[in-house]
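# Mind looking at a prediction? Sequence and model below.
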Number of protein chains: 2
Amino acid sequence: MDQRSGCPINLSVELFGDKWTLVVLRDIMFGNLRTYGELHANSLEGIATNILADRLKRLTAARLLTAAPDPAHKQRTIYSLTDEAIALVPVMAQLGAWGVKHLPAVSPQLAARAIALEDGGPAMWRDFEAELRWLHRGAAKPDRSVLAELDAAYRAAEGAGRAQ
Amino acid sequence: MDQRSGCPINLSVELFGDKWTLVVLRDIMFGNLRTYGELHANSLEGIATNILADRLKRLTAARLLTAAPDPAHKQRTIYSLTDEAIALVPVMAQLGAWGVKHLPAVSPQLAARAIALEDGGPAMWRDFEAELRWLHRGAAKPDRSVLAELDAAYRAAEGAGRAQ
């Protein structure tokens, strides 16, 4: 179950932290995965079901996530980032930036996203936080989509990899 | 053994990580504690001896620390940060800044240090990295001491607390 991915944040916290809590936060933040099913089906690291359930519970208890029933499927829970979790964007950006520079196992596509987020600096991090407040907290939709820019960086690196 | 401190970095990683590895790094980085004995005697969180020994071993294996015999006491080992560990300064700064804003249990004195480090921004972090390269890597001594500035912020907050 416990696979390694090339994600710089994952590799960073494998070195100096419990990776699963940060990995779940990362997937909600950067992948906009909002339900248990989406998080499990799209886990780069193959998170085990009991660990995912435990971390969603812990993150909700720690007030980093809120949980609400999906209006379309009442049995399904939708998780949203709180303002406290959204404020972790600079931590995530710095962890990613560090991982890219110091961990050779980082994959080129995920490195490209982390480099784009580092190069954007605090101005981009603030715009990303505004986008997350729209996606998770019902704030107004901002003009800039940092998620779209990060996806574009990822796809460009993927194309460059294929062309080699 | 496992006490809580008011340190914002400690409280942050208690939420989303294994705190001991980061706590040992923090004490070497911000406290300039360089030996097993110093780290154990000055641990804010009362780190257990077996956990401290394990984390020093892990950090050395991960190339975040180097270990060398103390020229004055051959049986004693002096630990030094590597360039990779010194590059974690911005991560530590952001973790501290986040903890101060979002965790009410942070102590005012340790908050003052974290706020000073956040307010200094990337220019201060680079100067701190230069100071750490002097203390740990044999680089030239820089003019500015960020450690002295952080200690002054701590003492000012301590004085303010006593005056209340």
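Sure, I can see it.
# Helix, strand, or coil at the residue sitting nearest the centre point of chain A?
For chain A, the residue sitting closest to the mean C-alpha position, by Cα atoms, centre = their mean, is residue A:26 at 2.4 Å. Secondary structure state of residue A:26, per DSSP: H, G, I helix; E, B strand; the rest coil, is helix.
# Roughly how far does it sit from residue A:106?
From residue A:26 across to residue A:106, the span is 14 Å (Cβ to Cβ, to the nearest Å). No exception for glycine: its C-beta is placed from N, CA and C like everyone else's.
# cool, residue A:24 as well?
Taking Cβ to Cβ, one finds residue A:24 at 20 Å from residue A:106.
# Which one's more surrounded, those two?
residue A:24 (25 against 22; other Cβ atoms under 10 Å in any protein chain shown).
# okay, the nearest residue to the more buried one once chain neighbours are set aside: pLDDT?
Spatial nearest neighbour of residue A:24, chain neighbours left out: residue A:55 (4.7 Å); criterion: Cβ to Cβ, 6 or more residues apart in numbering or on different chains. Residue A:55 carries a pLDDT value of 91.
# you'd agree residue A:55 is up against residue A:26?
No - using Cβ atoms under 8 Å, residue A:55 is not in contact with residue A:26; the gap is 11.4 Å.
# Can you tell me the closest non-neighbouring residue to residue A:86?
residue A:132 (4.7 Å).
# I meant residue A:63, not that one.
residue A:82 (5.7 Å).
# tally of neighbours for the one you found?
Neighbours of residue A:82 using other Cβ under 10 Å come to 17.
# what's the helix or strand for the residue nearest to residue A:86?
helix A:108-137 (DSSP states H and E).
# Now the element after that helix, going C-ward?
helix A:146-163.
# which parts of that following helix are buried?
Of the residues in helix A:146-163, A:146-147, A:149-150, A:153-154, A:157 count as buried by neighbour count, 16 or more other Cβ atoms under 10 Å in any protein chain shown.
# Pretty sure residue A:110 sits against residue A:151.
No - contact criterion Cβ under 8 Å: residue A:110 and residue A:151 do not qualify, at 11.8 Å.
# for the buried residues of helix A:146-163, which one is nearest chain B?
Distance to chain B across the buried residues of helix A:146-163 (Cβ to the nearest Cβ) is lowest for residue A:146, with 17.3 Å.
# surely that closest one meets residue A:135?
No - assessed by Cβ under 8 Å, residue A:146 is found out of contact with residue A:135, at 11.0 Å.
# Please name the residues that touch the residue lying closest to residue A:150 once chain neighbours are set aside.
Distances taken as Cβ to Cβ, 6+ apart place residue A:113 nearest to residue A:150, at 4.7 Å, with adjacent residues excluded. Listed by Cβ atoms under 8 Å, 6 or more residues apart in numbering or on different chains, the contact set of residue A:113 reads A:30, A:96, A:150-151, A:153-154.
# Check residue A:59 too.
A:21, A:24-25, A:65, A:79, A:85.
# Out of those, which two sit at the greatest distance?
Using Cβ to Cβ, the contacts of residue A:59 reach their maximum pairwise distance at A:21 and A:79, which is 13.3 Å.
# Give the residue spans of chain A that score low on pLDDT.
Along chain A, the parts satisfying pLDDT under 70 run over A:1-17, A:163-164.
# please redo it, this time with the cut-off set to 80
Scanning chain A for pLDDT under 80 picks out the ranges A:1-20, A:104-105, A:161-164.
# Residue A:53: neighbour count?
Residue A:53 has 14 neighbours, counted by other Cβ under 10 Å.
# Assumed it was part of a helix.
Yes - Residue A:53 forms part of a helix when assessed by three-state DSSP.
# Once you drop chain neighbours, what's closest to it?
Using Cβ to Cβ, 6+ apart, the closest residue to residue A:53 is residue A:36 (7.1 Å).
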